[in-house]
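Task: produce atomic coordinates for the following.
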Amino acid sequence: MATVFKMNVNRRDSKVKAKKFRNEKLIPAEVYGPALKENKHINIPYKELESMLEKVSETTLIELNVKGEDSEEKFTCFVKSVQRHKVSDQPIHVDFYVPEEGRKMNLRIPLEFEGEPIGVTQGGYLNTYVHEIPVAILPSDIVDSIKVDISALKLGESLSVSDIKSLLPKSAESLLEDEELVISVIEPKSAEVTEETQEEEITEPEVIQEKSTQDMKEE
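I've put the predicted structure just below:
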């Protein structure tokens, strides 16, 4: 089961410009999803949001306790997207997605590789192609990561998506092709270099400059 992060937030008046709230160190956010009849507008104190973003990931379950003037609601959701300032890189808006139970959602689950491959002890090195696997999955089956034992991999051997599908949660459907490589142990290159190879490395290719829009117009 995914890690759960709890947070108390306040309702936001959507008629008030977001800039006003940001000047007060409050970050506007939206809570939406198929389980809701309408979007919920909230504010999150900047420091609390920064702390949350340091601790959560795409697979972290978030319990929002939304307080209004005379009401209080709770939502179970995930961080869908974070908009950041182009210069400062500080968060300026967040979207939270509330899934509908029994309906799959798309997200990426990190892969956690365990063990030292036999091929690495033999002088090879690891080449990782997929660090997180995109899946369609029921909210109740979401996990923080998927552990993959790679200790048995020998020189020249690899794991593809089909090799790790059995490790996915019950309802998870991989969104990658079965033959796509996940990780492999690459054999070390030979230290001997032929004269022909040396010449190829020394010879610099001819540089072909791309024509600018102005050059094309002049032609």
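
going forward, measure contacts between C-alpha atoms and count neighbours the same way
OK.

So Asn10, which state does it fall into?
State at Asn10, reduced to three classes by DSSP: H, G, I helix; E, B strand; the rest coil: strand.

That one: neighbour count?
17 (other Cα atoms under 10 Å).

what sits opposite it in the beta ladder?
Asn43, Lys67 (DSSP bridges).

need the helices for the protein, in chain order.
18-23, 46-55, 118-121, 161-164, 195-202, 213-218 (DSSP state H).

Check which helices and strands the fourth one sits against.
Helix 161-164 sits against no helix or strand, with contacts defined as 3 or more Cα pairs under 8 Å, 6 or more residues apart in numbering; DSSP states H and E.

as a whole number, average confidence for it?
Here helix 161-164 scores 97 as its mean pLDDT.

Flag every buried residue along that helix.
Within helix 161-164, the residues scored as buried using 16 or more other Cα atoms under 10 Å are 161, 164.

weakest of the helices of the chain in terms of mean pLDDT?
helix 213-218 (a mean of 46).

Break the chain down into its structural domains.
According to automatic domain parsing, the chain comprises the domains 4-97, 105-186.

What is the distance between the first one and the centre of its chain?
This means domain 4-97. With Cα atoms, centre = their mean, to the nearest Å as the basis, domain 4-97 stands 19 Å off its chain's centre.

what's the span of that domain, first residue to last?
15 Å (Cα to Cα, to the nearest Å).

which neighbours does the strand ranked longest in the chain have in its sheet, and in what orientation?
When the chain is parsed with DSSP state E, its longest strand is strand 72-84. Take DSSP bridges as the rule and strand 72-84 pairs in its sheet with strand 61-67 (antiparallel), strand 91-97 (antiparallel).

Of those, which is nearest Val161?
Minimum separation from Val161 across the strands paired with strand 72-84 (Cα to Cα) falls at strand 61-67, 25.4 Å.
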